[in-house]
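# Just the structure for this:
(chains A and B)
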Number of protein chains: 2
Amino acid sequence: MPEADFIERLRAIATHPAARGLADDAAVLGDLVLTHDMIVEGIHYLPTDPPADVAWKLLAVNLSDLAAKGAEPEGVLLGYPLREAEWDVAFADGLAEALRHFGVALLGGDTVSAPKGAPRMIGMTALGRSSHAPDRRGAQDGDGLWMVGAIGEAGAGLIIAQGAAGPAELLMAYRRPQPLLDHGRALASHANAMADVSDGLLIDVSRMAAASGLRAEIYLDAIPRSAALTAFAGDDRDARLAAVTAGDDYALILAADDSHIDAVAAIGAHPIGRFTAGDGLVVMDRDGIAPLPAKLGYEHG
Amino acid sequence: MPEADFIERLRAIATHPAARGLADDAAVLGDLVLTHDMIVEGIHYLPTDPPADVAWKLLAVNLSDLAAKGAEPEGVLLGYPLREAEWDVAFADGLAEALRHFGVALLGGDTVSAPKGAPRMIGMTALGRSSHAPDRRGAQDGDGLWMVGAIGEAGAGLIIAQGAAGPAELLMAYRRPQPLLDHGRALASHANAMADVSDGLLIDVSRMAAASGLRAEIYLDAIPRSAALTAFAGDDRDARLAAVTAGDDYALILAADDSHIDAVAAIGAHPIGRFTAGDGLVVMDRDGIAPLPAKLGYEHG
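Predicted coordinates:
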């Protein structure tokens, strides 16, 4: 697996404590939180997605990493390959709107010429501050697994963006994800570990468990499901497994000691499982243990 | 000019003082200095360039922006599109070597799948600290124009990389540029304005003059020239104009009040011109005013 070789080499040089072993959503250097995410045409968004929505998503996925570290966003740098003027200008206008919406400053970046016909790859670095940035690796044996946000809605929205009939609410969950900045800041001091769900709930929970040297149990029936999602995709085990393996949700997951139950629940998080000694992932529902899907979520490379 | 529309829109939203109107090499937020640069296959480097040299150059161009702000580098984030495993791994090894050489930490980043056949676009964000980060826009009427570093060597090296016979020294200037971090730190407190030369001396001086609302005069004969460059490219006006319009040098230019002459000279900078009231750029040598080349340097978009 070539990606593994590459990442392995990067991990070997990322020995600075701020890098958190490249196992976290962001680098944490004192109170600074830094993240860099790219989106690629045809992979992270559809070529037919409106450019303003692509700009929103690029900002939202970066801010979601900051949210997972309990950070207050300060600003972003943009790495942008110029291609078609009309698309580029619509992207810039959409970025302006999204930055205003989230109160985030554009601090700098770089524009380059993109070779004609090359798919767009747009990069963004986001900078924030957090007085307490929980690590993905910090879950403790016995911690509750909590989540806040919607699971599966963006995955349904992608199916709608590809042509299926469905409600605008789900399409917007895919095109205009909402980074949970307020929740992240409120939850940070209660969390032993926190991360955002970008590639799918199961894969992101399994990464938190593995990074913490623990096993995770997930109660499928405990995962909140909107009426719109149930109407669109159903509510049986298959529908629930589809939701927890779909990407682009930008929910937050956290591990918290039971002494924080009241506080975490009051912030609006839902208990959906538990971390225990061991390794791997167990998914269960009212019918017992669910067989793990072949793919727990989206994997790059 | 589509790029101008795009940049104009970004400038309109980059109102935070740290963004410096997007007119500087880097964003400066308190003592933090942040820069993001991308390199694109076929534009910033040749597809035949060794991957370890591409990694070196990506780091060097980012560190050069920090050098121009008198910053001490702390770390970088990498945005990397995975493509061919062999190239990717050689890039990672080269990046490890370059980071070690400059004592800079890899803090994080993102890897994505690159569509097959798409040209590589690799992004990097570098973070440093500077107690005094001169602005590109700060040159004063009457300031001397100074430079440190080599001009024209990377341009000659590019010709050699494309197949011409020439010395390894010039080829290395193109493939392994040296960011002038020590010079930048030493010069920062003496400079009213400072910037790095990435797209060509003339274009970068003209940008500093325009950003400062001034005119710049450059004395072509005062620009230092190595024996290797003179042997390779000659030493007449045409050769000198070719050198000052070639890119990738990563020299530093600065504007300094004459009260700093001794200090700036002691650091190793060379006086090559002056900023005066007015606008535009005048290039002169022993034969008088030189006609401005049609292209002052490399322009993107």
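# in chain A, what secondary structure element scores lowest on mean pLDDT?
helix A:2-13 (a mean of 87; mean pLDDT, DSSP states H and E).
# Enumerate every residue touching the most centrally placed residue in chain A.
Closest to where the C-alpha atoms of chain A average out (Cα atoms, centre = their mean) is A:Ser198, at 2.8 Å. Going by Cβ atoms under 8 Å, 6 or more residues apart in numbering or on different chains, A:Ser198 touches A:Val61, A:Ser64, A:Asp204, A:Gly247, A:Asp248, A:Asp249, A:Tyr250. Where you see a C-beta, it was placed from the backbone N, CA and C, and this is true even at glycine.
# The fifth one in helix, strand or coil?
Just to be clear, that refers to A:Asp248. Under DSSP: H, G, I helix; E, B strand; the rest coil, A:Asp248 falls in the coil class.
# number of nearby residues for it?
Neighbour count of A:Asp248, defined by other Cβ atoms under 10 Å in any protein chain shown: 23.
# From A:Asp204, how far off is it?
12 Å (Cβ to Cβ, to the nearest Å).
# Ok, the second one next?
Per Cβ to Cβ, A:Ser64 is found 11 Å from A:Asp204.
# Same question for the first one.
Distance check for A:Val61 against A:Asp204: by Cβ to Cβ, it reads 13 Å.
# Counting neighbours, go ahead and name the busier of these two.
A:Asp204 (27 against 23).
# hang on, the earlier thing: so what sits against both of A:Ser64 and A:Asp204?
Common neighbours of A:Ser64 and A:Asp204 (Cβ under 8 Å, 6+ apart) are A:Asp196, A:Ser198.
# circling back: biggest separation within the contacts of A:Ser198, which pair?
A:Val61 and A:Asp204 (13.2 Å; Cβ to Cβ).
# rewinding a little: what element comes up after the least confident helix or strand of chain A heading to the C-terminus?
strand A:27-29 (DSSP states H and E).
# Tell me who's in contact with A:Asp5.
Per Cβ under 8 Å, 6+ apart, neighbours of A:Asp5: B:Ala85, B:Asp88, B:Val89.
# got it, and A:Ala23?
A:Arg136, A:Arg137, A:Arg207, A:Ala211.
# That one and chain B, how far apart?
Applying Cβ to the nearest Cβ, to the nearest Å, one obtains 10 Å for the distance of A:Ala23 from chain B.
# Kindly report the same for A:Ser130.
15 Å.
# Burial check on that residue, number of neighbours?
22.
# what stretches of chain A score poorly on pLDDT?
A:1-2, A:300-301 (pLDDT under 70).
# what residue of it is the furthest out?
Distance from the C-alpha centroid of chain A peaks at A:Lys116, with 30.9 Å (Cα atoms, centre = their mean).
# helix, strand or coil for that one?
A:Lys116 is classified as coil under three-state DSSP.
# tell me the domain ranges of chain A?
A:3-129, A:143-289 (the TED database).
# Not counting sequence-adjacent ones, nearest residue to A:Ala154?
Distance criterion Cβ to Cβ, 6 or more residues apart in numbering or on different chains; nearest residue to A:Ala154, sequence neighbours excluded, is A:Asp248 at 3.8 Å.
# So what would you say the end-to-end distance of stretch A:159-172 is?
When the termini of stretch A:159-172 are compared using Cα to Cα, to the nearest Å, they are 12 Å apart.
# quick one: buried residues of that stretch?
A:Ile159, A:Ile160, A:Ala161, A:Gly166, A:Pro167, A:Glu169, A:Leu170, A:Leu171, A:Met172 (16 or more other Cβ atoms under 10 Å in any protein chain shown).
# And for stretch A:133-144?
Here stretch A:133-144 shows A:Ala133, A:Pro134, A:Asp135, A:Arg136, A:Arg137, A:Gly138, A:Ala139, A:Asp143, A:Gly144 as buried, counting by 16+ other Cβ under 10 Å.
# shouldn't the fifth one be in contact with A:Leu22?
The one in question is A:Arg137. No - checked against Cβ atoms under 8 Å, the pair A:Arg137 and A:Leu22 is beyond contact range at 11.1 Å.
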